[in-house]
Every structure is written in structure tokens, then in C-alpha cells.
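> for reference, the sequence and a predicted model appear below.
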Amino acid sequence: MKSLTSLWSITAHEMAVRCCTSATRDITTVVRRTEHEGLSFLAITLADFGKATQKWLNQGFVVPSDAPSFARTSGRRTGLPAFLQGFLGRVFDSSSGALLDDPDIEAIFAIRQLTLMFSKIALPEDSSNGSPLPGGNRNVVTPERERRAMSDFIQCEHEVKESDARLDWQFLADLKRMSNLLFGEVFAKVDRDIYWGRTFPKHGPGAVADRLTSNGKWNQRTWTTRLSEVFPPEEFLLSNVRPEKVDSLKEELDLVEPGSEIPVRIITVPKTLKAPRVIAIEPTCMQYAQQAIKQCIVSAINEDGFLARVVGFEDQEPNRRLAQRGSHSGDLATLDLSEASDRVSNQHVRAMMEDFPHLHAAVQASRSRRADVPGHGVIRLAKFASMGSALCFPIEAMVFLTIIFLGIERELSAPLSREDVVNIFSEQVRVFGDDLIVPRDYVLSVVDELHTFGYVVNVGKSYWTGRFRESCGKEYYDGHDVSIVKVRRVLPTRRQDADGVQSVVALRNLAYWHGLWRTASWLDTYIEKLLKVFPNVAPTSPLLGRESALGYQFQRLDPYTHGPLTKGYYVRAEPPRDPLEGDGALLKCLLQKPQHAFGLRLKDVSQDSAVDVASVDDGHLERSGRPERVNIKLGWRSPL
């Protein structure tokens, strides 16, 4: 804990100088309380104080009772908490607690940096079993918190079922009507692609419920009867449909009936010390088909001029630009949803797609109906899908966008046309997952509509009254970027901790580019004790080095390319050995070039010609998947 409190202290000193105040008493408080409360003070208690200050910025005044873990100034009911008083006094009135007419932006950044700095810190591996951390920490993510997360998952499922039972049929009819107005052409295009077999599945490197290896997935021989009605197994599991191959597949294929399907496996992954994140691991055949549908949907949306502006799947910058605009003008609100993925009802998805039979059938066939929840057994799912399904992200975005425009329509008390939606709202509405941007004038109606359909707006992270806005990991106040640098891992104590070394180098470089130069200098000294060699490099360099506005340094030139070379540490992460050969290898090569695979899979082609067209590297057929370990090595690499 000492290194973390030292890091906090140097940052507090730096921010105090920038804000012309003192942080001496604040540092004393943090050091003392961390000694007694451990990492939970930095990651939970301090973070809760930071969330309270964001609420005060939004509502325009301080409520000291929102931060019960910190003493009030002289016991007053109003005014400022004693902690960080020097910074808070530059943002809020010291006696009344009201937001100043012209608050200090530097002080707002300082308050957020000093309170939320450790809010996303991951738990060290040796504490994943609940044992206390060095430094006296007694509040880690224990098995009890994981059990609570699973109970919350079950409770959320019950709430989805209750919401489905309460929802009037007219609301589902409105959902379908608005969905057709927004996505009718997209759904029709995807429907045709599925009918004509223009779908290209793929496997990712992640885990699957049936525990196949990364390359082993390409030799899967399990398919469901539900999938076979939409996606014939011979077209998805074979590189070509020669009669002898089809006959062989029929002998090997395990065609699973609905009651015998493998359920999704619910697990937890690190998120914060307060609670882990719950995700679902899908069966191989399901995620394989989901990827095919996802690519069709995303491609069709990106080809639509309007939808590409209001729905995002990869680029978060449009959301951030609108959030920045909204923080200055006040005309846009940012909304965040709690447990957004787990609250998307399959009933909503069915209503939206029922006019498109092939798309509807494909989405439902590739959806897992049951989940294996630790401590609760196998349950039937009312939700569409949890995080882990390839269709979770695009489907939830489409559902939320549809409900947003229903809310706008109800506020207007008049039906919207496609022309109204395109001409009026294309620069005022944006959806990226559960990060929503909506016009402030319609925000209450949109919130009510979301609640009607069973979704929960996270009021603590939704903003529309003040000048603070947050979306896609960026925060703004009155048009100014007040996003902060967060510590993601406990600082490493040895070079062999490759993940920790990478994390602290990234932290140093983020601090530098955010203008926290004393903090970056302190981290330079800390890292140099670990690495010994820590050169100046460009942000694109493979070396672990310090980034600088002054550029990079090098010691010699490559004798063959005459490019600059610098000695330093670099990351070496090799995928595990997972050899793949035969028809599975050919199928993988073909689907890496889907523009060729479509033509080839419909013909009787030889292996040689197919591989020639695909022209892919053979390395991935020997090794594949996520690296089992990450090492850092010393060597000569480009500083560019």
C-alpha cells in the first residue's frame, strides 16, 4: 500500500500547486486511513466521495451527507467536507456549498483525479481467493461478493420476467412500429443475406462453454437442431459441400435437441473491488452462428447514412464529441443504464424482428435459452443475452435507440416519420452500448419510456441538469475535458510481473500526456528501479519506454534497413501450441477471406486452389488463442 499512497501524495502535491492551495492535511488523512482500511479506502471509500462530488456538480450544490465517511467542516449541515477543502473551495461556496458561477476547471479536474484515481484498480492475483493484501487490506473481492453478484444476476432475471408480464401489448406494438421505421431496410437486407446464405461465421480466441481450444473450434462437430433449421451444418462446418464430405459429417455430427443444449456458463471477471462483472460463456456453435449474424447487422447499419450517425459499435469518439457539446450548451443529456445487457428482454427482440422471418429465426436459433449460474443451477432465460454473446452489443443498441425515439414521440404527442428522425435528430441522438445521448428537452420522457420497458437508468451516472456530462469513458465540464488518469493495477515490485510492468508504463505515459508531469517523473524513478533500461520512445514503438513531446532516442542503426534501434524491454506473448490441419484448417483459411470463401464454398474445389485464393499465413494453424503467459525481454527494437 505504501507505493500507492506515495503515488497519491505526489499527485496531490502537484494538483495543489496547480490550484494554488495546500494538500498537506489531505495527504495525512489518506495515509492514515489507508494504513487502517487498506486498499478498500482508496478503491471504494475515496471513489464514493468522488461520485458524490460529480453529483454535486450536476445538481449545483454540496450535500455533505452524501459523503458520510468524511467529516464535515466544523460540524455544519451545509458547507464543504473537511477533506479536499482547499480544492472544493475553488468550485463551491465555502459557507453555503453552492456551485460557484465560474468554478475553477483545474480544481474540478484535481478533485476527480484525487478521488477516482483508484476506482478501477484490479485485484492482485494472490488475493483472488479472498486472502488479505499486504498493507492490511481486509476488503477485497471475496467469494461472498461473487455470490452476491450471482444473486444479483438471478434477481435481474426475475425482474425481466416481471417486466414482461406487466408490459401492455400496445407498447410492444409501438416498439415494433418504431423499429420498422428505423431499422426496416437494415432488417430486410440482413433477412435476404440469411436466406441466400451470405453469412460468414468466425471463431474468436475466447473461451467457450464446451471448453474447446482456439483452433479446436474449427473441428467442432456439435450443432443444434434449432440452428440446423436456419444454418445447415454442412454449410457452416465444412470448407466445401462435396457429397463424400457431407456423408462423413453426418456420421460425426452430434445434432443436439433443445432440451439437451449446453447452457451458457455464467462467470465473473474483475471489474472493481466493490463487485466483479458477470459475463456469459457461450457454446461454440452458438457464438459461431452469432458472429455470422452480427457481421451482417453491423455491415448493414454502417451502410445506412442515418443509422451510422446514431449507432456506434467500434468508434466511441462521436459519443464523446456530443457529450462535450452537451456539457457546454446544455442541450444534450448523457444517460447510463444499470445492468443494461441483462435487462434486454427477448420479448422486445422478438417484437422488433417478427416481420423478418429469416432474421428472426436466425437470431432466436443462435440464442442460448438456458444459463448455468453457480450456486443456482441451470435456469431458463427471459433476457435476450448477457455480455459474452456476439449479438448482445448490437441488439441492445438497436433496442435502446428504438425506445429513445418512442420517448421522443410521446413527448411530442405526434408520430414521427423517417424524414423527421433523419432531418431533426441525426445530430442529437447517439447510442454506443448502454451509453446514450439524447436531447435534454426530451430526456424525462425517454427515461420514463426506458422504465416502462423494464430498463433502469443509473441516475448517479446520468447527467442533464448541470454542465457535467459523461460518455464512453470521457468526462466534460462546460466543454472542458476533465477526464482523469486511473490506476488499473497495484504497482509491480519485480520485473517478472510482466502485466504489472506494462500497466505501470502505460500509467506513466497517460499521466505525462494529461499534464501530470511530477507524477510522471515519480513513476519514471519507480520504473527505472524495475527495468534499468527505460528509453524515450514514440507511442507506436513496441518497446516499454517513456513517451515524450521531445521525441524518441536511439543508439544505433539497423544494418539492413538503416532504421533507428534502441535497447529496451519489449513484451513477448506467444499463443499456445494448438495445431490444426485437414478440413478445419482449410475452413479457417477460407473464412479469413470471406469475399473468396462465399464463392468457393458453393463449388466443388480442391484444397490447393482454395488455399491459393485465401493466401493466408500458416502460423495461426500451429499456434492460436490467448497467450498463457506474458514475458518481457531485453533487446534491440525500433523506438518508432
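Good, I have the coordinates. Residues are numbered from 1 along each chain as shown.
> residue 70 versus residue 95, what's the distance?
Look at residue 95 and residue 70: by C-beta to C-beta, to the nearest Å, they are 18 Å apart. Quick note: C-beta positions are derived from backbone N, CA and C, even for glycine.
> please enumerate the strands of the stretch 201-350 of the chain.
222-224, 254-256, 264-269, 277-281, 332-338 (DSSP state E, counting those that start in this stretch).
> a markdown table for the ones you listed, including mean neighbour count, distance to residue 243 and mean pLDDT?
What follows is those, written out as a markdown table (neighbours: other C-beta atoms under 10 Å; distance: least, C-beta to C-beta, whole Å; pLDDT from 0 to 100):
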| stretch | mean neighbour count | distance to residue 243 | mean pLDDT |
| --- | --- | --- | --- |
| strand 222-224 | 22 | 19 | 93 |
| strand 254-256 | 14 | 19 | 92 |
| strand 264-269 | 20 | 35 | 89 |
| strand 277-281 | 20 | 36 | 89 |
| strand 332-338 | 22 | 51 | 93 |
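> helix or strand: which one has residue 520?
Using DSSP states H and E, the element containing residue 520 is helix 517-531.
> tell me the helix or strand right after that helix.
Following helix 517-531 in sequence, per DSSP H and E, is strand 536-537.
> give me the helices and strands touching that following strand, please.
Judged by 3 or more C-beta pairs under 8 Å, 6 or more residues apart in numbering; DSSP states H and E, strand 536-537 is in contact with strand 546-547.
> name the helices or strands packed onto the strand it packs on?
Using 3+ C-beta pairs under 8 Å, 6+ apart, strand 546-547 sits against helix 498-513, helix 517-531, strand 536-537.
> can we see that at 6 Å?
Counting contacts by 3 or more C-beta pairs under 6 Å, 6 or more residues apart in numbering; DSSP states H and E, strand 546-547 is packed against no other helix or strand.
> pLDDT averaged over it, what's the number?
Mean pLDDT, strand 546-547: 92.
> how distant is the helix or strand just after it from the center of its chain?
Using DSSP H and E, the next helix or strand after strand 546-547 towards the C-terminus is strand 556-557. Strand 556-557 sits 41 Å away from the centroid of its parent chain (C-alpha atoms, centre = their mean, to the nearest Å).
> so what touches stretch 501-512?
485, 488-489, 491-492, 519-520, 523, 544, 547, 632 (C-beta atoms under 6 Å, 6 or more residues apart in numbering).
> go through these and name the one nearest residue 12.
residue 519 (9.7 Å; C-beta to C-beta).
> okay, buried residues for the helix holding residue 520 please.
Of all the residues in helix 517-531, those buried under the rule 16 or more other C-beta atoms under 10 Å are 519-523, 526-527, 530-531.
> how about stretch 204-221?
Neighbour-count burial for stretch 204-221, counted by 16+ other C-beta under 10 Å, picks out 207-210, 212-220.
> check stretch 352-367 too.
Quick answer for stretch 352-367 (16+ other C-beta under 10 Å): 352-353, 356, 358-367.
> show me the shaky parts of the stretch 151-300 of the chain.
Where the stretch 151-300 of the chain drops to pLDDT under 70, the residues are 272-274.
> now do the helices in it.
169-195, 225-228, 233-237, 243-252, 284-303 (DSSP state H, counting those that start in this stretch).
> would you mind finding the most buried of those helices?
Mean neighbour count (mean count of other C-beta atoms under 10 Å) peaks for helix 284-303 among the helices of the stretch 151-300 of the chain, with a mean of 22.
> tell me which other helices or strands that one touches.
helix 169-195, helix 392-412.
> that one vs strand 277-281, what angle?
110 degrees (axes from the mean of the first three to the mean of the last three C-alpha atoms, to 10 degrees).
> from the chain's centroid, how far away is helix 284-303?
Computed by C-alpha atoms, centre = their mean, the chain-centroid distance of helix 284-303 equals 18 Å.
> list the contacts of it.
With C-beta under 6 Å, 6+ apart as the test, helix 284-303 has contacts from 186, 189-190, 193, 199-202, 208, 210, 212, 217, 220, 222-223, 227, 231, 307-308, 311, 313, 362, 366, 368, 389-391, 394.
> ok, the nearest residue to residue 392 once chain neighbours are set aside to residue 294 distance?
Ranked by C-beta to C-beta, 6 or more residues apart in numbering and with sequence neighbours excluded, the top spatial neighbour of residue 392 is residue 385, at 4.6 Å. For residue 385, the distance to residue 294 equals 11 Å [C-beta to C-beta].
> quick one: low-confidence ranges for this structure?
When residues are selected by pLDDT under 70, those of the chain lie in 73-78, 123-142, 272-274, 593-618.
> tell me the angle of the longest strand along the chain relative to helix 498-513?
Scanning the chain for the longest strand, with DSSP state E as the assignment, gives strand 564-572. Put simply, strand 564-572 runs at 130 degrees to helix 498-513, going by the same axes, to 10 degrees.
> which strands or helices does whichever helix or strand comes after strand 564-572 pack on?
Scanning forward in sequence from strand 564-572 by DSSP H and E, the next helix or strand is helix 583-591. When contacts are defined as 3+ C-beta pairs under 6 Å, 6+ apart, helix 583-591 packs onto helix 607-614.
> mind redoing it with 10 Å?
helix 233-237, helix 243-252, helix 594-601, helix 607-614 (3 or more C-beta pairs under 10 Å, 6 or more residues apart in numbering; DSSP states H and E).
> between residue 95 and residue 70, who's got more neighbours?
Higher neighbour count among residue 95 and residue 70: residue 70, with 18 against 11, using other C-beta atoms under 10 Å.
> and the more buried one, that's in a helix?
No. Secondary structure of residue 70 (DSSP: H, G, I helix; E, B strand; the rest coil): coil, not part of a helix.
> make residue 1 into 773 and carry on from there
Sure, I'll start counting at 773 from here, so that last one is residue 842.
> so what's it up against?
Listed by C-beta atoms under 10 Å, 6 or more residues apart in numbering, the contact partners of residue 842 are 801, 805, 817-818, 820-821, 824, 836, 853-856.
> returning to that earlier point: my guess is the residue nearest to residue 1164 contacts residue 1114, does it?
Yes. Taking contacts as C-beta atoms under 10 Å, residue 1157 lies within contact range of residue 1114: 8.9 Å.
> many thanks, have a good one.
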